[in-house]
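K.L.:
need coordinates for the below:
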Amino acid sequence: MPLTPEETEDCQRLATLAVEEDLDATGDVTSQILIPAERIGMAVLVARQPGVLAGLPAAELTFALVDPTLIMESVRPDGSSVQAGDRLAVVSGRIHSILTGERTALNFVQHLSGIATHTRRFVDAVAGLAVKILDTRKTTPGWRLLEKYAVRQGGGHNQRLGLYDGILIKDNHLAALAREADPITEAVRLARGKYGTSLPLEIEVDTLAQLDAALKALPDMVLLDNMRLSELREAVGRRNAVAPGVLLEASGGVTLATIRAIAETGVDRISVGALTHSAPAFDVALDYVQ
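P.N.:
Residues are numbered from 1 along each chain as shown. From the prediction side, this is the model:
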């Protein structure tokens, strides 16, 4: 699955910053000393562990920024399941340039493949159940689009990209409307009055009483925050009886150990901040071959 135009633009920006950070005005002093500038060679990106690949377009952009004459050819596409020892891509051209771009290119692949691999673990944990695994806005500042791209490569789904493409009425929003007799109904009225149905509308609740009020207001989704399994099952039952068209999303402290049980309650979506904020780096290397 290729990068979107917006993701490509973000990737170009991040790669430019990363290359400038690594080289400053002086460049790669070690390679300048040891490697003749015009010596040609080839290197391969190799997985050092099993996982899910993501980030090769970023690596390719990085090498192109370092030296436009470098040629990188992907062996596996992003989203592929890989094993330790698998070749991921081949880079050929000036050895000096390959070594100069090595670390920055690997940084992209290790971080994004780490997210894709971690996401796949959560997706696999709910295999066979009709539930979507979503990311959140708990992303590295500046990296959001690429990290959410990596989530998709792992089989997950993207929640809203930012504060601009979806309405999520949270507890603090409702607290600000506490003077209203029915803050949930008032919040939905204000949101629908401004945007109609052009933006998805979700309300966060943490009690079943709040859920009942939210279902009467008919948002597109209700976020069930930190509810116990018994409460989640009850919430699904109440939704099915009152507003079957409203989606239910569970969130809050979801782990690999708990996600299957949460999914079995019948919720439609589970959002997991750990997909992006706690994914371990994927072990990948660049091996010089000639």
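
K.L.:
was I right about Val44 contacting Asp86?
P.N.:
No. Judged on C-beta atoms under 8 Å, Val44 makes no contact with Asp86 at a distance of 10.0 Å. (C-beta placed from N, C-alpha, C; glycine too.)

K.L.:
quick check: neighbours shared by those two?
P.N.:
Common neighbours of Val44 and Asp86, counting by C-beta atoms under 8 Å, 6 or more residues apart in numbering, are Val75.

K.L.:
OK, contacts around Asp165?
P.N.:
Asp165 neighbours (C-beta under 8 Å, 6+ apart): Leu199.

K.L.:
same check, this time on Ala213
P.N.:
Ala213 sits in contact with 182, 184-185, 205, where contact means C-beta under 8 Å, 6+ apart.

K.L.:
how near is it to Val242?
P.N.:
Remark: distance between Ala213 and Val242 (C-beta to C-beta, to the nearest Å) = 11 Å.

K.L.:
which residues of this protein fall in helices?
P.N.:
5-23, 29-34, 56-66, 95-125, 144-153, 171-176, 183-195, 208-217, 229-242, 259-263, 274-277 (DSSP state H).

K.L.:
as a markdown table, these with mean pLDDT and distance to Tyr288 would be great.
P.N.:
Compiled in a markdown table, those are given as follows (pLDDT from 0 to 100; distance: least, C-beta to C-beta, whole Å):
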| stretch | mean pLDDT | distance to Tyr288 |
| --- | --- | --- |
| helix 5-23 | 95 | 19 |
| helix 29-34 | 92 | 12 |
| helix 56-66 | 97 | 14 |
| helix 95-125 | 97 | 7 |
| helix 144-153 | 98 | 27 |
| helix 171-176 | 92 | 53 |
| helix 183-195 | 95 | 55 |
| helix 208-217 | 96 | 58 |
| helix 229-242 | 98 | 52 |
| helix 259-263 | 98 | 41 |
| helix 274-277 | 97 | 32 |
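
K.L.:
out of those helices, which comes closest to Gly253?
P.N.:
With distances scored as C-beta to C-beta, the stretch of these nearest to Gly253 is helix 274-277 (9.1 Å).
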